[in-house]
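> structure, please.
(3 chains)
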Amino acid sequence: MVIAAVVLLLGFIVWRGVQLFVVSGVPVTQILSPTWQPDPLSEGTTYGLLPFIAGTLAVMAVAAIVSTPLSVGLALFMAEVAPTWARRIAQPAMEVFVGIPSVVYGWLGLTILVPFLRVHFGWLGFTTGFSWLAGSLVLALMILPTITSISYDAFVAVPADMRSASLALGTTRWQAIRHVVLPTAAAGVATAIVFGLTRAAGEALAVQMVIGNSPIIPTSLARPVTTLTSQITLDMSDATGTWNEALWTMGLVLLLISLAFVLLIRWLGRGRSRA
Amino acid sequence: MNTPQGASPVTATRPTPTPLAIASLQPELTGLNPDAPVKLRAQDVSVRYGDRMAVRDVTLDVREHSVMAFIGPSGCGKSTVLRCFDRMNDLIPGAAVEGRIELDGEDVYAPSVLPVEVRRKVGLVFQRPNPFPMSIYENVAFGPRRHGEQDKARLDDVVERALRQAALWDEVKDDLRKKSGLSLSGGQQQRLCIARTLATDPEVILMDEPCSALDPIATLKIEELIAQLKADYTIVIVTHNMQQAARVSDRTAFFTLGEDRAGYLVELDETLRIFTNPANQLTEDYVSGRFG
Amino acid sequence: MRRSLAADRLATAVLWAVAVFVILVLVAIIAYFVIESIPTFSLAFLVADPSLTDIGGIGPVLWNSAYMLVLTMLLTVPLGVLGGIYMAEYAGEGWLTNAIRFSQELISSVPSIVVGLFGFALFVAATGWGFTALGGALTLMVFNLPLLLRLSEQAIRTVPADERAASLALGATKWQTIRHAVLPVAIPGVVTGIVLTAGRVFGEAAALLFTAGLSTPTRYDFSNLNPLDPQSPWSPFRNATTLSVFIWKSNSEGLGNYVHEVANMSSMVLIVMVLAFNLGSRWLGGALQRRVSGL
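Predicted coordinates:
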């Protein structure tokens, strides 16, 4: 059943995703063009997906850069430093974080973050507030609980006697964390970050609400960009013909990205079980 | 003594004095020198975990360059007392130490003393071998590195010396950096842990049942090692195995559980006397295997 | 020595600061919605119809969320739990098990919008149903099923081997063992899994955009009990905009004079619902655990 669903899903997405090339005869290389001009009413349609792919990767990367120190720090806090009472607060708080639906994050971004950027950082180029940075910050918040909980598990899995061994040699707690716990849990933390990236790459609505949706190659954190997911969200209901096929191709690209992440996670997991 | 690790304490018969134990009759050759300075001292020490009294009113001295064994039934607080000497009890939430613990006459629990400093002088070898998941070299170099040694040649030197002292050098010298500490056998791992402790240049080595996870041959090697290390270090070893205590130690402390389920020190004497002619009936019962 | 102690203190302070910061952000988010909602919130909001000129309410979309939830769980729970039993008790270590696990991992990382596309192609276009609640529920099942499968497998696997061995030793068959020895012990975990999965149904939006539909719901006539009539609120063959989709939609289309208030209150309702599910699953799991072990 599950396998059937996966095979069906893969089959469908691949089949619909290659229509652009097979049926409409768009050259495969064209999707690497930076120009997105899908409107059949205008002259010379070009189905360049580069802005979307670049946008997805860019938004995802900045989100991970912002989120990783916070979430790994929080995981370390919960696993190594927190007294019991603080852990009793932090753990349910993480569950609440996970539970907040993505549209709510999007709505928050739209009503607080975007105006905030426009009003206070307009001088930095945030003319509308809708921007690469806004998308990344919303995503950073969304992937924070993912990275935190998985790396927390990795830290907790480090045997307690490793820490005692280090402390018994007269190291400080931070030295034990830095030189024993972190290296031992490194593969687990890497897995956590990849899980976070996977979630970031696939998130649609929250990002779409704050990112501005301009199909350009991202060059400035202050400017609107777009992603694969938000373009699908926006155009799917009214795009027809070749335009619609291009959206399916975007879906296929997304699928390939997440497939790559799954394989990466498996590979990291294998490294860990060997060690 | 042909069987290095005998049967469990319950079935043990009174052990024949071993060569080591006999040697301990010559004080100047052994740790029984009455003129040796006191290295460690516990004065009216009680330890609580939360509301529960784990061990109470322990007073004992350990002299420099001697081996003291702590024996007694499970739960009698021998490991708890051991861990007072390097302040590892601090790490257990709710643990409280009363009384006075001295290292070279100085109060280990004084507010001005940092646990980190104490633990550098007082090493601890754990019950189960716990090498870090890194190369053999990195395991041994861990302590010196953390304490600021950067110089590569000096590190190499420290590592080699520690491994030689732990009688592991010949077995691992060819793949120091290639092999993980975890790839060694249990006995080798434990000697690696001893080498790791030696590399931080401690004055005292505490051993918490260091052989309980090892086979008899590996146990014998560790026991030989203890006999050699005594020349340079002061050693306290907790053991379940009475023959082991008899073989390696100069003096033996017998702990047991009181009516209140708290452990206490029953008797402390020269090892030979504890095993042949103890003063206390409880000790007599325990070492002769009549204990519950 | 002094340097490493200073580094230790600094690191501890930084970790505390990070933790306090993150928790404060969370508290701020929740507080924001509560404070923003209080002035306009009333219980009528939960049942009233949406309005373009007034605050209106979220009655129909809330109904749709609940309806979708029940429909999805009806489809997911039997398959998920039985599948979990199979994976935990019968599946060996073969290529099939590996393939199932890999499929599970893959599906859980496929973006929900892609699952939505798939649902659209299969349950909307290929079946000719159009946007329907059933199509939405089937789409949600695509990623809820693997999740529930994994959660119930884990719950069943945590049953100690002793319990199984004891039952088998008494001469019970494998199925009897599962039925009477394993399942009763595993039930708290399985129920927790079900409730967690249900919470996700409530929050999901991207996968429903192109499957359950986006049209603004009109007044529902609950006396219309004909389950095949697309006008009936009981029918699975009708448009069913859920609360999450509604929040997204009212923002992106910006319709109505009170979008801001409605979205804030809807978000709060949504958060409260999802939290209720999470806390509920924990409470229920705990309560069942006590009952099972008490018996």
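> these two touch, right, B:Gln43 and B:Gly105?
No: if you go by C-beta atoms under 8 Å, B:Gln43 and B:Gly105 don't touch, sitting 11.3 Å apart. All C-beta atoms are positioned from the backbone trio N, CA, C, and that covers glycine.
> so what's residue 139 up against?
Looking at chain A here, since you left the chain open. Under the criterion of C-beta atoms under 8 Å, 6 or more residues apart in numbering or on different chains, the neighbours of A:Leu139 are A:Val59, A:Met60, A:Ala63, A:Ser67, A:Ala200, A:Glu203, A:Ala206, A:Val207.
> meant chain C, my bad for not saying
Shown in contact with C:Thr139 (C-beta under 8 Å, 6+ apart): C:Val115, C:Gly116, C:Phe118, C:Gly119, C:Phe123, C:Ala207, C:Leu208, C:Thr211, C:Ala212.
> helix, strand, or coil at A:Gly25?
Under DSSP: H, G, I helix; E, B strand; the rest coil, A:Gly25 falls in the coil class.
> closest to chain B among the contacts of C:Thr139?
Nearest to chain B among those is C:Val115, at 38.8 Å by C-beta to the nearest C-beta.
> before we move on, what's the pLDDT of the closest residue to that closest one other than its chain neighbours?
Closest residue to C:Val115 apart from its sequence neighbours, by C-beta to C-beta, 6 or more residues apart in numbering or on different chains: C:Ala207 at 4.9 Å. pLDDT recorded at C:Ala207 is 83.
> again with C:Ala66
In this model, C:Ala66 carries a pLDDT of 85.
> what's near enough to touch it?
The contact partners of C:Ala66, by C-beta under 8 Å, 6+ apart, come to none.
> that older thread, pLDDT added to the contacts of A:Leu139, as TSV?
Converted to TSV, the contacts of A:Leu139 look like this (pLDDT from 0 to 100):
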residue	pLDDT
A:Val59	92
A:Met60	92
A:Ala63	93
A:Ser67	94
A:Ala200	88
A:Glu203	85
A:Ala206	85
A:Val207	87
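> in helices only, show me these.
Counting by DSSP state H, those place A:Val59, A:Met60, A:Ala63, A:Ser67, A:Ala200, A:Ala206, A:Val207 in helices.
> burial of the closest residue to the fifth one other than its chain neighbours, as a residue count?
The spatial neighbour of A:Ala200 that comes closest, neighbours along the chain excluded (C-beta to C-beta, 6+ apart), is A:Met60 at 4.3 Å. By other C-beta atoms under 10 Å in any protein chain shown, 25 other residues sit near A:Met60.
> wait, doesn't A:Met60 sit right on A:Leu197?
Yes: here A:Met60 reaches A:Leu197: they are 5.7 Å apart, a contact under C-beta under 8 Å.
> show me the contacts for the residue nearest to A:Ala200.
Per C-beta under 8 Å, 6+ apart, neighbours of A:Met60: A:Ser136, A:Leu139, A:Leu197, A:Ala200, A:Ala201.
> what about the strands in the chain?
Because you didn't say which chain, this covers chain A. In chain A, the strands defined using DSSP state E lie at A:36-37, A:46-47.
> to clarify, I was referring to chain B.
For chain B, applying DSSP E gives strands covering B:38-49, B:52-63, B:67-71, B:95-103, B:106-107, B:122-125, B:204-208, B:234-238, B:251-257, B:263-270.
> looking at those, which is nearest to chain A?
Nearest of these to chain A, taken as C-beta to the nearest C-beta: strand B:122-125 at 4.0 Å.
> just confirm yes or no for that closest one near chain C.
No: Strand B:122-125 is not in contact with chain C by C-beta under 8 Å from any C-beta of the partner chain; minimum separation 16.0 Å.
> which other helices and strands contact that strand?
Helices and strands touching strand B:122-125, as assessed by 3 or more C-beta pairs under 8 Å, 6 or more residues apart in numbering or on different chains; DSSP states H and E, comprise helix A:160-168, helix B:186-199, strand B:204-208.
> if we go to 6 Å?
Contact analysis of strand B:122-125 by 3 or more C-beta pairs under 6 Å, 6 or more residues apart in numbering or on different chains; DSSP states H and E lists helix B:186-199, strand B:204-208 as its packing neighbours.
> so of the contacts of C:Thr139, which ones are in helices?
Per DSSP H, the contacts of C:Thr139 map to helices at C:Val115, C:Gly116, C:Phe118, C:Gly119.
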